[in-house]
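>>> okay, here's the prediction I keep looking at, along with the sequence it came from:
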Amino acid sequence: NAGVTQTPKFQVLKTGQSMTLQCAQDMNHEYMSWYRQDPGMGLRLIHYSVGAGITDQGEVPNGYNVSRSTTEDFPLRLLSAAPSQTSVYFCASRVRDSNGYTFGSGTRLTVV
Amino acid sequence: ILNVEQSPQSLHVQEGDSTNFTCSFPSSNFYALHWYRWETAKSPEALFVMTLNGDEKKKGRISATLNTKEGYSYLYIKGSQPEDSATYLCASPPLSSGSARQLTFGSGTQLTVLP
């Protein structure tokens, strides 16, 4: 099992550009989430999904879109990148309510 | 308590010391409390998921307890080693969620174990 795979690991974007952060898991986990990590702010939930076709907003969803067409994949789209979206992004998945998350290795995004 | 709060923010201990830190969370509509260990330059790794009041979980020298009625959990490390140096995160569903589907993380306790 590869676990949770995130690509790319690093990305630099110009303000206004769009891009998709990829996340895939091969553990047949139902739940998937995207978090961003900023200094002094811990992990903040952007969007989450409890199964294919079902997504919902977290604490900081503005500027991001997600979709979940398959159990395995949960891409995060930045619609028009802003410097405030400079962060480290983590994708995580888990089986169900009472299980812990498996995290991907993160994507470090810089918006200039 | 409306959000997940952790204390202290950071902690330095000597090798061999035992230590503990606290996670406070909303006690109403409790679903689950998670603990994670996050080493520098790595990803968070799940330690425990606790769901029942009075739960105690153990993994090697690390253990955790849960009090859902008063909304706190303690993480204990016995005989700290330098390799225990990491940030320890706890997480719980937010008060507004009504389910365990989403998790809100505390800002963590950064532990440094000095040799």
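That came through, no problem.
>>> for the rest of this, base every contact and every neighbour count on C-alpha atoms.
Will do.
>>> who are the contact partners of residue B:27?
If a contact means CA atoms under 8 Å, 6 or more residues apart in numbering or on different chains, then residue B:27 has B:1, B:68, B:69, B:70, B:71 as its contacts.
>>> partners of the one residue in chain A that gets nearest to chain B in the sheet?
Ranked by CA to the nearest CA, the top residue of chain A for proximity to chain B is residue A:42, at 4.5 Å. According to DSSP bridges, the partner residues bridging residue A:42 are residue A:38.
>>> what residues does it make contact with?
Each residue near residue A:42 by CA under 8 Å, 6+ apart is listed here: B:105, B:106, B:107, B:108.
>>> residues near the last one, how many?
Under the neighbour criterion other CA atoms under 10 Å in any protein chain shown, residue B:108 is assigned a count of 30.
>>> and it, how far is that from residue A:64?
Distance of residue B:108 to residue A:64, computed by CA to CA, to the nearest Å: 25 Å.
>>> make a PyMOL selection of whichever of the contacts of residue A:42 turn out to be buried.
Buried residues among those (16 or more other CA atoms under 10 Å in any protein chain shown), as a PyMOL selection:
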select buried, chain B and resi 105+106+107+108
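>>> columns distance to residue A:31, secondary structure and pLDDT on top of the contacts of residue A:42, output as a markdown table?
Supplementary listing: the contacts of residue A:42 in a markdown table, determined by distance: CA to CA, whole Å; DSSP: H, G, I helix; E, B strand; the rest coil; pLDDT from 0 to 100:
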| residue | distance to residue A:31 | secondary structure | pLDDT |
| --- | --- | --- | --- |
| B:105 | 16 | strand | 93 |
| B:106 | 20 | coil | 93 |
| B:107 | 22 | coil | 93 |
| B:108 | 23 | coil | 95 |
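>>> closest to chain A out of the contacts of residue A:42?
Distances from chain A to the contacts of residue A:42, taken by CA to the nearest CA, are shortest for residue B:107, at 4.5 Å.
>>> surely that closest one touches residue B:7?
No - the pair residue B:107 / residue B:7 is not scored as a contact, 9.1 Å apart, by CA atoms under 8 Å.
>>> how many neighbouring residues does the closest residue to residue A:7 other than its chain neighbours have?
Nearest non-adjacent residue to residue A:7, counting by CA to CA, 6 or more residues apart in numbering or on different chains: residue A:22, 5.2 Å away. By other CA under 10 Å, the residues close to residue A:22 number 17.
>>> can you check the one 3 residues further on too?
Residue neighbour count, defined by other CA under 10 Å, stands at 24 for residue A:25.
>>> quick one: pLDDT of it?
Reading off the confidence values, residue A:25 has pLDDT 97.
>>> phi, psi of it?
phi -130, psi 150 (degrees, to the nearest 10).
>>> in stretch B:78-86, what counts as buried?
So stretch B:78-86, judged by 16+ other CA under 10 Å, has buried residues B:80, B:81, B:84, B:85, B:86.
>>> out of the residues you listed, which is nearest to residue A:100?
Closest approach between the buried residues of stretch B:78-86 and residue A:100, by CA to CA: residue B:86, at 18.0 Å.
>>> measure that closest one to chain A for me?
Residue B:86 sits 14 Å away from chain A, going by CA to the nearest CA, to the nearest Å.
>>> quick one, what contacts the closest residue to that residue other than its chain neighbours?
Excluding the flanking residues, the one nearest residue B:86 by CA to CA, 6+ apart is residue B:39, at 4.5 Å. Residues in contact with residue B:39 (CA under 8 Å, 6+ apart) are B:85, B:86, B:87.
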